[in-house]
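Chemist: no FASTA, just this:
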């Protein structure tokens, strides 16, 4: 139990731990068309704070894809995004920036999102996107919602083209893939849509009583809002309901809605699907109260395995879903990493994985929501038919990446033991080991993709672990 006790010996806090810089900004609240829209503090973006190596693309031969430093980003925003009042000279409208997310694809593109503070104390999420080639183009954002987007972004413009850098700047809620993020700003229409789903019956939506707050944002991938709706009933009675509104790219939202609708009505430890808007890429779900675990809090492993076992046990039509072929994500990120040539040949071939149950698809500690004596699993955008070993492998790879290769068997045995105690089915050990190896390789690649500090060293360490994972008893 040394591995488990080591994690328990850390300060056991199931909420988000306070890190240097977590309180970088106060919550920013502004009124928009008689309803309230809230953009949270840096912590509320929902991404784990971490140090980024913005010079890594240059080190790997892609200097034009290196994101600007935080100071450079402030200068770019002031020069290109600030709205000038009454004159043509640029104004200084932002004072500070802190990077919160980054993605890099060698020889193709990069994107980095910064939390930017303006002179009024309001926070904006500004994404710098660079492409090698001619993909960057000028555009008008917002469409018929352009006025609302401009109001939400002020004193910044929603978008700016940087042709000399083959780059562009985007200010949330302007986003090229998340069209529905803009439309959430029309809170009266949003509330009317929710009411039309029958989600608040027999109550009626109170005029101008809707508040929307941003809880998580990843450029072009997802935005998550907490929606509070004021309701009226009998004379003198008032009430409120809360929902989670997930905005995804259209096809992703449609697929997520299909899978989640097949679990409707089942008492599972995941947020209940309430509705789906295919045009906006909206997924409406119940808001589950509780405390989210920290991204490295492995003391919630018991809760994770209990919840996963419950989800995996949900009825699924036998033979109705084709198995999948798990294969490595593009590994060009790992070119030149020491030890990559020694990765076993089997790892490069697709791995046949049956679809014999429902799985979370992205199981990590920060997906666990503690609720009294029990728990639930959040972030179910990846929910789909699959093999239970996929979820267990995801958790195990996280733990191994933090711990060390010498604990492979210990981690596997403890996880499988907890899973079986929770009522989970049989676990195919060889498949689990193979999936853990794949997960470790993908984490090695993501260290570079996400521009993590010491990414090359971390990637080399994870690659070196793969053989020991595959070899029983090592």
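Modeler: Thanks, I have the structure now. The structure presented is a predicted model; accordingly, all values stated were derived computationally and were not measured.

Chemist: Show me what counts as buried in whatever helix or strand residue 307 lives in.
Modeler: Counting by DSSP states H and E, the secondary-structure element that holds residue 307 is helix 301-312. For helix 301-312, burial by neighbour count (16 or more other C-beta atoms under 10 Å) applies to 301, 303-312. C-betas here are computed from N, CA, C, even on glycine.

Chemist: Need those in a markdown table (columns: pLDDT).
Modeler: Formatted as a markdown table, the buried residues of helix 301-312 follow (pLDDT from 0 to 100):
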| residue | pLDDT |
| --- | --- |
| 301 | 95 |
| 303 | 97 |
| 304 | 98 |
| 305 | 98 |
| 306 | 98 |
| 307 | 98 |
| 308 | 98 |
| 309 | 98 |
| 310 | 98 |
| 311 | 98 |
| 312 | 98 |
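
Chemist: for residue 50, helix, strand, or coil?
Modeler: coil (DSSP: H, G, I helix; E, B strand; the rest coil).

Chemist: Might one say that it is in contact with residue 453?
Modeler: Yes - counting by C-beta atoms under 8 Å, residue 50 touches residue 453, with 7.2 Å between them.

Chemist: neighbour-wise, which of the two wins?
Modeler: Shown here are residue 50 and residue 453; by other C-beta atoms under 10 Å, residue 50 has more neighbours (15 against 12).

Chemist: Which residue, other than its chain neighbours, is closest to that one?
Modeler: residue 452 (6.5 Å; C-beta to C-beta, 6 or more residues apart in numbering).

Chemist: Next one: that neighbour from residue 52, what distance?
Modeler: Counting by C-beta to C-beta, to the nearest Å, the separation of residue 452 from residue 52 is 7 Å.

Chemist: do residue 167 as well
Modeler: From residue 167 to residue 52 the distance is 17 Å (C-beta to C-beta).

Chemist: ditto for residue 191
Modeler: From residue 191 to residue 52 the distance is 38 Å (C-beta to C-beta).

Chemist: and those two? which has more neighbours close in?
Modeler: residue 191 (25 against 20).

Chemist: residue contacts, the more buried one?
Modeler: Residue 191 sits next to 35, 205, 209-210, 227, 229 when contact means C-beta atoms under 8 Å, 6 or more residues apart in numbering.

Chemist: Among those, which one sits closest to residue 345?
Modeler: Using C-beta to C-beta, residue 227 comes nearest to residue 345 of those, at 50.1 Å.

Chemist: helix or strand for the closest residue to the closest one other than its chain neighbours, which one?
Modeler: Among residues not flanking residue 227 along the chain, residue 243 sits closest, at 4.7 Å (C-beta to C-beta, 6+ apart). Here residue 243 is covered by strand 238-247, with elements defined by DSSP H and E.

Chemist: partners of that strand in the sheet?
Modeler: strand 222-232 (antiparallel), strand 282-286 (antiparallel) (DSSP bridges).

Chemist: closest to residue 402 out of those strands?
Modeler: strand 222-232 (24.7 Å).

Chemist: Can you give the distance of that closest one from its chain's centre?
Modeler: Centre-to-centre, strand 222-232 and its host chain are 19 Å apart (C-alpha atoms, centre = their mean, to the nearest Å).

Chemist: before we move on, what about stretch 223-241?
Modeler: Counting by C-alpha atoms, centre = their mean, stretch 223-241 comes out at 27 Å from the chain centroid.

Chemist: Check stretch 153-161 too.
Modeler: That offset, for stretch 153-161, works out to 24 Å (C-alpha atoms, centre = their mean).

Chemist: mind checking the end-to-end distance for that stretch?
Modeler: Length of stretch 153-161, first residue to last, C-alpha to C-alpha, to the nearest Å: 16 Å.

Chemist: For that stretch, buried residues please.
Modeler: 153-160.
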